[in-house]
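Asker: When you get a sec, could you give me coordinates for this:
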Amino acid sequence: MKKKKKTKEIFLIEGGNPLRGVIILGGAKNAGFKLMIASLLLQAESTLLNITPIGDVQTVKEIITALGGKVTKHGARNYLIDPTNIHSHKIPDRFGERSRASLLFAGPLLARFKEAIIPFPGGDRIGSRDLDRHFDGLRAFGVDIQIKGNLIYLSTKKLKGTHYRLKKPSHTATETLLMAAVLAQGKTILENTALEPEVDDMITFLNKAGAAIKRKPNRTIEINGVKKLKPVIHKVIPDRNQVVTYAIAAVLTKGDIIIEDANKNHLKTFLEKFDEAGGGYQMGEYGIRFFYKQPIKATHVATAPHPGFMTDWQPLWTTFMTQAEGESTLIETIYDNRFQYVPILSGAGANILPFDLNPQNPDEVYNFNVKENKKYNKQGIKIKGKTFLKPIAIDISDVRFGATLLLVALIANGKSELREIHHIVRGYYDIDKNLILLGAKIKRIRRPIPA
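Answerer: Numbers count the residues shown, from 1 in each chain. Next up is the predicted model:
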């Protein structure tokens with residue numbers, strides 16, 4: 001019997017076609033799979049609506065199943081999460097490299113078993129992800145943490161409420177500590193927390209289930225621990241990163257699209273910069289319309305924790321600015337290594353020059369741990385436009401990098417080839433089908449992998 005040849009999926013894209021039509025948003029990539037994990041804090045089966053079935057969702061489903069829980073998919077985007085029969089506190093080693101989600105299981109597993117064994121989280125290689133923010137916060141709840149090889153061993157006699165201040169606002173660390181706090185004994189006050197809409201979506205979900213969580217001024221969250229949480233039905237917020245991607249694609253291709261359910265309150269900083277750059281948009285009860293109205297203008301952007309300009313948007317914005325008249329600057333303050341895409345864009349014809357910021361007080365400027373990253377890459381780039389971008393043939397290495405190169409392929413005159421596309425579809429479910437409906441020329445093919 002002949003062995004089947006291994007294949008990989010590839011996008012073949014012919015650029016130069018304006019995008020026109022309507023996009024219906026799925027649930028936020030950075031909310032859905034985390035709410036699946038938070039569902040393990042509840043006593044019985046809960047229902048999550050509008051979850052986009054990306055790779056992280058599948059991985060979390062497999063982890064929950066391996067722990068003894070049950071995940072049932074109903075329709076395209078709805079999931080039932082039943083934690084009733086969870087019997088294990090150990091996440092199998094194989095899930096560590098597949099996802100950055102593993103440490104988020106700490107709160108639910110510690111609440112159930114008083115111990116957890118978790119493999120080091122993987123995910124996109126976009127710079128340092130400071131796990132100390134998670135570890136220090138969990139220790140404040142009375143958790144002992146031991147690291148042996150590639151495994152994290154956590155244990156506690158009892159989760160106790162605490163008063164803890166995050167060194168830097170961290171999206172996932174805030175969520176990790178929220179899940180540790182809701183069933184902890186007593187009151188918890190978390191300071192310098194993340195303000196992202198996805199964090200607030202988790203707070204809304206947990207409060208529906210009976211948690212007592214309140215947002216306070218100055219990035220403070222107050223949690224009064226409760227004894228149990230009841231099952232709920234919850235709809236995940238729409239994905240703001242997808243809005244930004246499609247909006248920029250619409251203007252770059254001189255198109256006109258409507259994005260249903262786009263939430264203007266989650267996009268305030270982006271819309272301000274989009275307007276400054278000359279992008280057209282119109283808001284309505286249906287969502288937001290984005291369209292080309294005039295030549296793109298150069299801008300100056302610095303990433304920042306929400307409500308600032310999101311780090312996930314900066315690779316997309318850089319591609320946007322390659323088509324602007326004049327010189328733009330972009331400064332990255334969240335991660336220390338997120339300009340990996342620049343050489344690829346330069347190879348496609350972009351004129352991009354990295355530069356050093358040399359701030360007097362770098363720890364006040366950067367959100368990553370400066371002391372442990374003394375040799376961090378240049379954190380600023382200058383983009384000179386307008387430049388003619390050529391077709392590309394490249395392997396993708398992470399989700400936003402992939403979306404960036406997809407933009408290049410959509411506007412370049414000629415045929416581009418994107419490989420390792422699982423990185424794109426991990427964050428953008430059915431993106432090729434959506435773009436085809438808008439008028440893009442994309443083929444998803446399978447090609448044999450050389451032996």
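Asker: Which stretches in the chain count as helices?
Answerer: For the chain, the helices defined by DSSP state H occupy 29-38, 55-67, 106-113, 132-140, 171-181, 197-208, 240-252, 268-276, 314-321, 342-347, 362-365, 399-411, 422-425, 431-437.
Asker: closest to Leu154 out of the ones you listed?
Answerer: With Cβ to Cβ, the closest approach to Leu154 among the helices of the chain belongs to helix 106-113: 5.8 Å. Every C-beta, even on glycine, is put in place using the N, C-alpha and C of the backbone.
Asker: Hey, what's the angle from that closest one to helix 55-67? Just curious.
Answerer: Interaxial angle of helix 106-113 relative to helix 55-67 (axes from the mean of the first three to the mean of the last three Cα atoms, to 10 degrees): 10 degrees.
Asker: which other residues reach helix 106-113?
Answerer: 37-38, 40-41, 67, 83, 86, 89, 115-116, 118, 134, 138, 143, 154-156, 159, 176-184 (Cβ atoms under 8 Å, 6 or more residues apart in numbering).
Asker: what's the angle from it to helix 132-140?
Answerer: Using the same axes, to 10 degrees: helix 106-113 against helix 132-140 is 30 degrees.
Asker: Can you give the distance of helix 106-113 from its chain's centre?
Answerer: Centroid displacement of helix 106-113 relative to its chain, using Cα atoms, centre = their mean, to the nearest Å, is 24 Å.
Asker: Dump the C-alpha coordinates for that helix into PDB.
Answerer: Below are the C-alpha coordinates for helix 106-113, written out as PDB (Å, rounded to 0.1, in the frame of the first residue of the first chain):
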ATOM      1  CA  ALA A 106      -3.600  28.000  36.000                       C
ATOM      2  CA  GLY A 107      -6.600  29.700  37.700                       C
ATOM      3  CA  PRO A 108      -9.300  27.100  36.800                       C
ATOM      4  CA  LEU A 109      -7.000  24.100  37.600                       C
ATOM      5  CA  LEU A 110      -5.800  25.600  40.900                       C
ATOM      6  CA  ALA A 111      -9.400  26.400  41.900                       C
ATOM      7  CA  ARG A 112     -10.400  22.800  41.200                       C
ATOM      8  CA  PHE A 113      -7.400  20.800  42.400                       C
END
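Asker: which residues does Asp432 contact?
Answerer: Asp432 sits in contact with 11, 442, 444, where contact means Cβ under 8 Å, 6+ apart.
Asker: Relative to Ala76, which of those is nearest.
Answerer: Arg444 (18.4 Å).
Asker: measure the residue lying closest to that closest one once chain neighbours are set aside to Ala403 for me?
Answerer: Excluding the flanking residues, the one nearest Arg444 by Cβ to Cβ, 6 or more residues apart in numbering is Asp432, at 5.3 Å. To Ala403, Asp432 is 12 Å away according to Cβ to Cβ, to the nearest Å.
Asker: May I ask you to confirm that Leu330 is in contact with Phe320?
Answerer: No. The pair Leu330 / Phe320 is not scored as a contact, 10.1 Å apart, by Cβ atoms under 8 Å.
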